[in-house]
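In: Starting from these lines, generate the structure:
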Amino acid sequence: MKVDLNSDLGESFGRYKLGLDEEVMKYITSANIATGWHAGDPLVMRKTVKLAKENGVAVGAHPGYPDLMGFGRRYLKLSPEEARNYILYQIGALYAFAKAEDLRLQHVKPHGALYNVLVKEEELAREVIGGIADFDRNLIFVTLSGSRAAEIAEEMGVKVAHEVFADRAYNPDGTLVSRSKTGAVIDDAEEIAERVVSMVKDGGVRAINGEWVELKVDTICVHGDNPKAVEIASMVRQALEDEGVRIVPMGEIVR
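Out: So this is what the prediction gives:
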């Protein structure tokens, strides 16, 4: 058995520092690097790409809504044309830094509210996935495990990594519990590690109401801005390895 560990990194900008990138990077195999619209800036992008290279971590773009003030977690109404070109623009930004460091882009994982809306709005999902394909059809689209967005990507011939979340609670339909609700974010490292092992070995997780939710697991997200991110990433990786699970970049899983 093998699985990828990913984290959303490079989300500092200007004089503001967010996340524990240097430490989290030691435990993951894929980095989703902010592309400047919800977080990040050119200096941070270059630094994060270099950090990933030093640690042997694969890199991918983490595009979001143009919403720096709201950290990309507020819904914005986009036209199909805007959605496709916004994604293309942001992938291109990170590509420049990856190329400068002689790295290739492995994947694209939308951020925050954009990630969530693609699970619900099929037309928007098609345009975002189309934007990824416009840039490079070999890029992996990272989306919520079992979602309609994943099915659409497969229909369009785009590679898909089914993603689960180590520190987020699930609804019975397989969507994530809104951050505005109590219990949406889990911060107990031991509980998170146990959940992740169950996700990988048992193929699912208990929803917030106790119902069993089946999941396909290619990659596991460990949020880099969680105050316990380093402890969580370390414990999750150790727990999986103790169960004989190999931790590898998603490019070795999704072909």
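In: Next, the contact list for the spatially closest residue to M1 that is not a sequence neighbour, please.
Out: Spatial nearest neighbour of M1, excluding adjacent residues (Cβ to Cβ, 6 or more residues apart in numbering): V245 at 4.8 Å. (Each C-beta comes from the backbone N, C-alpha and C, glycine too.) By Cβ atoms under 8 Å, 6 or more residues apart in numbering, the residues touching V245 are M1, K2, V3, V200, K201.
In: quick one: the first one from Y65, how far?
Out: As judged by Cβ to Cβ, to the nearest Å, M1 and Y65 stand 35 Å apart.
In: For those two, indicate the residue with more neighbours.
Out: Each of M1 and Y65 has its neighbours counted (other Cβ atoms under 10 Å); Y65 has more, 22 against 10.
In: Was I right to think the more buried one contacts Y115?
Out: No. Here Y65 does not reach Y115: they are 10.1 Å apart, not a contact under Cβ atoms under 8 Å.
In: Can you tell me which residue sits nearest the middle of this protein?
Out: Central residue of the chain (Cα atoms, centre = their mean): K109, 5.0 Å from the mean position.
In: Over to the residue nearest to it when sequence neighbours are not counted. Which of the three states is it?
Out: Closest residue to K109 apart from its sequence neighbours, by Cβ to Cβ, 6+ apart: V142 at 3.7 Å. For V142, the secondary-structure state derived from DSSP: H, G, I helix; E, B strand; the rest coil is strand.
In: Quick check, V142 in contact with N32.
Out: Yes. With contact defined as Cβ under 8 Å, V142 and N32 form a contacting pair (7.4 Å).
In: Quick check: neighbours shared by those two?
Out: If you check V142 and N32 against Cβ under 8 Å, 6+ apart, the residues they both contact are N6, G60, H107, K109.
In: strand partners of the helix or strand encompassing the second one, parallel vs antiparallel please.
Out: In other words, G60. Taking DSSP states H and E as the criterion, G60 maps to strand 58-62. Paired with strand 58-62 in the same sheet, following DSSP bridges, are strand 30-34 (parallel), strand 105-108 (parallel).
In: Out of these, which is the most enclosed?
Out: Burial of the strands paired with strand 58-62 is given as mean neighbour count (mean count of other Cβ atoms under 10 Å); strand 30-34 ranks first at a mean of 29.
In: ok and it relative to strand 140-144, angle-wise?
Out: 90 degrees (axes from the mean of the first three to the mean of the last three Cα atoms, to 10 degrees).
In: so after strand 30-34, what's the next helix or strand?
Out: From strand 30-34, the next helix or strand downstream (DSSP H and E) is helix 42-55.
In: Could you count how many residues lie near V217?
Out: Neighbours around V217, by other Cβ under 10 Å: 23.
In: err, G14, not the other one
Out: 9.
In: separation between A52 and G36?
Out: 17 Å.
In: So between those two, which is more surrounded?
Out: Each of A52 and G36 has its neighbours counted (other Cβ under 10 Å); A52 has more, 24 against 21.
In: I'd say the more buried one and L103 touch.
Out: Yes. At 7.4 Å, A52 counts as touching L103 under the criterion of Cβ under 8 Å.
In: residues shared between the contacts of the two?
Out: In contact with both A52 and L103: V59, using Cβ under 8 Å, 6+ apart.
In: what about the strands in the stretch 151-255 of the chain?
Out: Using DSSP state E, counting those that start in this stretch, the strands of the stretch 151-255 of the chain run over 160-165, 204-206, 212-214, 219-221, 246-247.
In: Dump those strands into a markdown table; add distance to P80 and mean pLDDT as well.
Out: Formatted as a markdown table, these follow (distance: least, Cβ to Cβ, whole Å; pLDDT from 0 to 100):
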| stretch | distance to P80 | mean pLDDT |
| --- | --- | --- |
| strand 160-165 | 20 | 97 |
| strand 204-206 | 33 | 94 |
| strand 212-214 | 31 | 95 |
| strand 219-221 | 27 | 97 |
| strand 246-247 | 37 | 98 |
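In: Right, I'll leave it there.
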